[in-house]
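Colleague: Fold the following for me, if possible:
(one chain, ligands or ions: 1)
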Amino acid sequence: MSTNAYAWPVCPRPETDESLPSWFERVSHEYTMSPVSLLGVIERAESGRAGTAGAPDAGRLLDRTIADRLAVLGQLSGSEINAFWPPSTGWELHDHGFSVYCPYCCFNDFTHGRTPYGRRCWQQSWCTICQVHSIALVHRNQTHASSNRSHWSHAKLKRDRAFLASVRYRGLKVTHEPAVRSSMLSCLMHLERTAAAAISGSAPNQWIWGILTADEFLAVLTDVTTWSLTHFESVRSWSAAEDLTPAEEQEGYGLVGRYRRMSTTDYGDHQMTRTLRDVVSPKVRGAALWAAHAFMATCHSAASDRPSGPSAQDRQAAWISRSPPAARHWLAERQESWPSAHRRDRWIEVWKLL
Ligand SMILES: [Zn+2]
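Modeller: Presented below is the predicted three-dimensional model:
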């Protein structure tokens, strides 16, 4: 196909809450190409060169020149352009593909005669739960992410093991539910709603999270999740977030989980830490957010076999004292930048554990 024409002859219209990689994947399907191949064609047409250095990367969909080209090819309206290329929240996943989905949202798409599409909020690193369906998001594996739209069928969705894990929580009463798994879901939903509101500028509830502005809350949340996801040892190990107890692993099946034992050297490019934005798996991000809830919220229902006390400080001491010295050093340094009143009222002094 040629991209020299002013507009694509066939182009699906974007849904109002659709993410850019999802729409681009649907466009690619119309031309029986993978998103990577179509992006390569556009880039070559744009640069006038025979090829580009390296394989096309979905992140380049955000480049200004590619964005301008896509706006013309797709005949996008002003509001569609603004929706696809919004100002950064600072929380977008570094993976720019359509990598995460909610099975029930996709079932709904079928019901309404649509090809399942990716919602913009699923690209946010704080988002591991669908707030509409109270269900964990599912990692879309490589075979799903192919250009073959036939993946999206009821039968295939229902056979997805990750989906089956996720639906265990469907139908459970989310609030005031004594079961640990429901408490976990409730904690994650609450924290994720609070993070979304803070990104929009709303300060968190003072009784639950302490006296923090929206930006201060997000800064502490970033530090705590980064700490819990980072491997501070030279030997391969679980990150603190992934070092789940047997009860947490069982009760949080589908909500929180592990990827693999890693060390800092696995990150590459001289990267020393791993943030929520670096992790695609909703379950691993969920584990980090679960730990953050334990550290930051006034009330937190721990799984039965995690030694801790009733206060946030008890939980902080229990988790942090088990971490390697380098991890404690890192968190103690980060603590220096937090509001002093918040540290005094809500936190242990991590340097005392060094
Ligand atoms: Zn959903």
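Colleague: can you list the residues of the stretch 101-250 of the chain near the ion?
Modeller: 102, 104-105, 130, 132-133 (C-beta under 5 Å from the ion). The C-beta positions use only the backbone N, C-alpha and C, and glycine is treated the same way.
Colleague: hmm, which of those are the buried ones?
Modeller: Buried positions within these, assessed by neighbour count (16 or more other C-beta atoms under 10 Å), are 102, 104-105, 130, 133.
Colleague: re the thing from before, among the residues of the stretch 101-250 of the chain next to the ion, which ones are in helices?
Modeller: Members of these lying in helices (criterion: DSSP state H): 104-105.
Colleague: Columns pLDDT on top of the residues of the stretch 101-250 of the chain next to the ion, output as TSV?
Modeller: Formatted as TSV, those follow (pLDDT from 0 to 100):
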residue	pLDDT
C102	91
Y104	86
C105	91
C130	93
V132	90
H133	88
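Colleague: quick one, longest helix in this structure?
Modeller: helix 180-199.
Colleague: who does it touch, helix- and strand-wise?
Modeller: strand 129-130, helix 214-229, helix 246-251, helix 282-296 (3 or more C-beta pairs under 8 Å, 6 or more residues apart in numbering; DSSP states H and E).
Colleague: Least confident of the ones you listed, on average?
Modeller: Lowest mean pLDDT within the helices and strands packed on helix 180-199: helix 246-251, a mean of 86.
Colleague: Hmm, A214 is touching G201, no?
Modeller: Yes: at 5.4 Å, A214 counts as touching G201 under the criterion of C-beta atoms under 8 Å.
Colleague: Settle it for me: which of those two has more neighbours?
Modeller: More neighbours surround A214 than the other of A214 and G201, with 17 against 9 (other C-beta atoms under 10 Å).
Colleague: What is the burial count for C11?
Modeller: Counted with other C-beta under 10 Å, C11 comes out at 17.
Colleague: can you confirm it is in a helix?
Modeller: No: counting by DSSP: H, G, I helix; E, B strand; the rest coil, C11 is not part of a helix but coil.
Colleague: what's the spacing between it and the ion?
Modeller: In this view, C11 and the ion are 26 Å apart by C-beta to the ion, to the nearest Å.
Colleague: could you measure the residue lying closest to that residue once chain neighbours are set aside against N108, distance?
Modeller: Nearest residue to C11, sequence neighbours excluded (C-beta to C-beta, 6 or more residues apart in numbering): G74, at 5.2 Å. Separation of G74 from N108 (C-beta to C-beta, to the nearest Å) stands at 24 Å.
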